[in-house]
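S.K.: Pasting a predicted model and its sequence here:
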Amino acid sequence: MTEDEFQQHLDRFGGDLEGWPPAVAAAARALLARSPGAQARLDEMVAMELALADAGAGDTPPDDLADRIFDAAFGAARGTAPHREDRDGDTGTAADRLN
């Protein structure tokens, strides 16, 4: 395995070699035993994955997020969408124009 192939596998499978296909992981371990460049690439990937995991820890959406998305998407059908002007200059909701 070359370092470029190793990088492609890192990008595809991530920094945990246990999740790689067994034959590919074996070739990667052989490369890591002889290549400081490959070791540096693995270290960089693991550090990035840990940073991303830490950045997202504890982030939870607001309790009313689904309701807000639903209202924004379908509020017009219930007549609760914000008023706006359409291409013809008419204002109001889609529900107003249906009546």
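M.R.: Ah, there it is. What you see is a predicted model, and the numbers here were worked out from it, not measured in a lab. Numbering: from 1, shown residues only.

S.K.: Neighbours of His9, how many?
M.R.: 19 (other CB atoms under 10 Å). Backbone N, C-alpha and C define where each C-beta goes, glycine included.

S.K.: Nearest spatial neighbour of it, chain-adjacent residues omitted?
M.R.: With CB to CB, 6 or more residues apart in numbering as the criterion, His9 has its nearest non-adjacent residue at 5.8 Å, and that residue is Val24.

S.K.: Now do the same contact list for the nearest residue to Arg29 once chain neighbours are set aside.
M.R.: Leaving aside its sequence neighbours, Arg29 sits nearest to Leu17 (CB to CB, 6+ apart; 6.8 Å). For Leu17, the contact set (CB atoms under 8 Å, 6 or more residues apart in numbering) comprises 25, 28-29.

S.K.: In the chain, mark out all the strands, start to finish.
M.R.: 84-85, 91-92 (DSSP state E).

S.K.: circling back: ok, the residue nearest to Arg29 to Ala26 distance?
M.R.: 9 Å (CB to CB, to the nearest Å).
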